[in-house]
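> Starting from these lines, generate the structure:
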Amino acid sequence: MTPPQPEPITAVVFDLGGVLVQWRAEVILARAFDDPAARAAVRASLFDSQDWVELDRGTLSEAEALDRTAARTGQPMTALTRLMGIVRESLEALPDTVALLADLHQRGVPLYCLSNMHHRSIAFLRGRYPFLAWFRGMVISAEVNMVKPEPGIYRHLLTQYHLEGQRTVFIDDYPANCRGAEAVGLRSLCFTTAADCRRQLEAMLAA
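Predicted coordinates for the structure are as follows:
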C-alpha cells in the first residue's frame, strides 16, 4: 500500500533569533563584561532565568527584569542597561538566510514570522530591517503574551492567518520549538545552517 503523500507546502514561517538575525548570548556577554564570573552570574540571573521568559512573554518590563538582575548579581544598573543595548545591536541579519527569504519572497511564497522577542527588541528590528515587510503576518511573543513552545502561540498563528498546519512549515533553531509546532499539527524544519535549510525547504516545496 502506497503511503499517503504529504500535503504541498503553501506557507513558510520563520523564527528570528538564530535564524534570520544573530543570537549568541556568550558573545553579547563578553562584549558587556570583562570578568568571566560577572558574565556567568548575569547569564544565570537574566538570560537563563524565568525573567527572560517573561520578558519574551511581555508580562515583565525590561526595567523590572534589570532591577531583579541587579539585586541578584550586584551589578550596577548602568552595566545592565548597557548590556540590553548590546543585545539589540547584536541582532545582526544573517545574510545567507536573508538571501533565502528574499528568494522565497520573489517567488511569491507566502511568508510569516513567529518569534519569541521582547517589545524593545522587535521595535528595534522593525526599524532596522526592511526585509521584515516581506512577511504577510508576524506573531511576536511579547505582543500576544504567549511564548514558544507553548501550544497556544502556534494555534494563534494558524488562526490569525488562516493557515493549514500540514501545509505550513515552521523554521526554528531550537528543537523544542520545532517539536511544539509539530504537536499542534504544523510541519517543522530545525535550522542549523542556511544552506541546509535551503536544501530541506526546497525539497518540501517541490513535494
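> so where do the strands sit in this structure?
Counting by DSSP state E, the chain has these strands, from start to end: 11-14, 111-115, 137-140, 168-172, 187-190.
> what would those strands look like in TSV with distance to Val53 and mean neighbour count?
C-beta coordinates here come from the backbone N, C-alpha and C atoms, glycine included. Formatted as TSV, the entries for the strands of the chain read as follows, by distance: least, CB to CB, whole Å; neighbours: other CB atoms under 10 Å:
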stretch	distance to Val53	mean neighbour count
strand 11-14	21	24
strand 111-115	14	23
strand 137-140	14	20
strand 168-172	16	24
strand 187-190	21	19
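> mind checking the end-to-end distance for stretch 15-27?
The first residue of stretch 15-27 is 20 Å away from its last residue (CA to CA, to the nearest Å).
> Just the residues contacting it, thanks.
Contacts of stretch 15-27 with the rest of the structure, by CB atoms under 8 Å, 6 or more residues apart in numbering, involve 14, 39, 43, 47, 90-94, 97-98, 101, 113-117, 125, 129, 131, 170-174, 177, 191, 197.
> now swap in stretch 30-47 and tell me
Contacts with stretch 30-47, where a contact means CB under 8 Å, 6+ apart, come from 25-26, 29, 51-52, 65-66, 68-69, 72-73, 75, 79-80, 82-83, 86, 90.
> Cool, thanks, talk later.
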